[in-house]
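[1] return a 3D structure for these sequence lines:
(one chain, ligands or ions: 3)
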Amino acid sequence: MKLIYLSLYLIFQNVETMNSVAKYNITQLDQLKQKSIIRGEYKDVAQESAGAIISNARSVGFVGGLKNSSPLRNAIYYMISGGYCYVGLSQFIIIDLLQTYEINTIKIWLYDRDPTFIRTYDIQIFASGLGINDQLIYESNNSKSVTIIKFSDTLIKQIKIKNRNGSSLDQWLVILKIQAFYAF
Ligand SMILES: *[C@@H]1O[C@H](CO)[C@@H](O)[C@H](O)[C@H]1NC(C)=O
Ligand SMILES: *[C@@H]1O[C@H](CO)[C@@H](O)[C@H](O)[C@H]1NC(C)=O
Ligand SMILES: *[C@@H]1O[C@H](CO)[C@@H](O)[C@H](O)[C@H]1NC(C)=O
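    Ligands and ions are numbered 1, 2, ... in the order given. The predicted model follows:
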């Protein structure tokens with residue numbers, strides 16, 4: 001993401017010199033710059049430092065202490081015990097973004113630390129935002145480990161992850177990390 005930002009910056013710096021071979025004219029560069037803002041500068045907008053919160057946190061279980069259990073945290077590699085959150089059957093994990101962002105990718109890291117097998121989960125993901133209300137953007141009963149969900153460019157303010165039917169092991173939906181961003 002940083003690389004894209006850097007390249008855009010370099011393009012802006014060198015518009016004159018690059019003009020003969022530039023892929024974008026000034027108007028298009030202007031539009032790209034505008035889009036970068038609504039797209040959260042191509043960074044993960046579902047993180048604490050971007051102002052995202054789990055708005056139904058009182059109904060979500062957190063294991064691993066204050067700093068190490070939220071799926072919106074950045075310190076995700078310290079996992080001696082815990083390091084995840086969970087909800088029961090038919091329950092949701094609801095993420096409210098700081099503002100409406102145009103994104104097209106959600107990445108979810110589902111608990112995959114079982115010693116001899118990989119758990120599969122039955123989940124659904126809904127999005128609300130500009131012109132959409134709890135729109136289904138993903139469903140699968142075979143989601144596992146790091147699951148990447150791509151969808152068309154959408155203006156999103158809230159993401160709901162539903163535990164539709166637990167995992168191949170038990171009734172719980174267990175999540176290590178969530179990211180939401182715009183990817184080219
Ligand atoms: C920039 O490129 C777009 C798409 O090719 C074109 O429609 C537009 O007229 C161009 N604008 C300028 C200022 O050259
Ligand atoms: C998952 O969904 C497929 C397609 O709907 C279905 O055939 C299969 O039985 C389901 N598996 C489980 C474990 O629910
Ligand atoms: C829900 O999961 C259970 C246990 O894995 C399975 O037996 C059942 O068929 C699933 N139900 C649906 C509707 O997929």
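[2] residue of this structure nearest ligand 1, please.
    Asn25 (3.8 Å; C-beta to the nearest ligand atom). Every C-beta, even on glycine, is put in place using the N, C-alpha and C of the backbone.
[3] can you give me the helices for this protein?
    Under the criterion DSSP state H, helices of the chain are mapped to 2-13, 15-18, 26-38.
[4] lowest average pLDDT across the ones you listed?
    Among the helices of the chain, helix 15-18 carries the lowest mean pLDDT, at a mean of 47.
[5] tell me if I'm right that Ser168 and Asp114 touch.
    No. With contacts counted by C-beta atoms under 8 Å, Ser168 stays clear of Asp114, the gap being 9.7 Å.
[6] with neighbour numbers in mind, choose between those two.
    Ser168 (14 against 11; other C-beta atoms under 10 Å).
[7] look up how far Tyr42 lies from that one.
    Distance check for Ser168 against Tyr42: by C-beta to C-beta, to the nearest Å, it reads 35 Å.
[8] and this structure, which of its residues are near ligand 3?
    Contact residues, the chain versus ligand 3 (C-beta under 6 Å from any ligand atom): 141, 165-166.
[9] can I get those residues in a markdown table including neighbour count and pLDDT?
    What follows is the residues of the chain next to ligand 3, written out as a markdown table (neighbours: other C-beta atoms under 10 Å; pLDDT from 0 to 100):
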| residue | neighbour count | pLDDT |
| --- | --- | --- |
| Asn141 | 14 | 98 |
| Asn165 | 14 | 98 |
| Gly166 | 20 | 98 |
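[10] I'd like those as CSV, with distance to ligand 1 appended.
    Output for these, formatted as CSV (distance: C-beta to the nearest ligand atom, whole Å):
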residue, distance to ligand 1
Asn141, 44
Asn165, 48
Gly166, 50
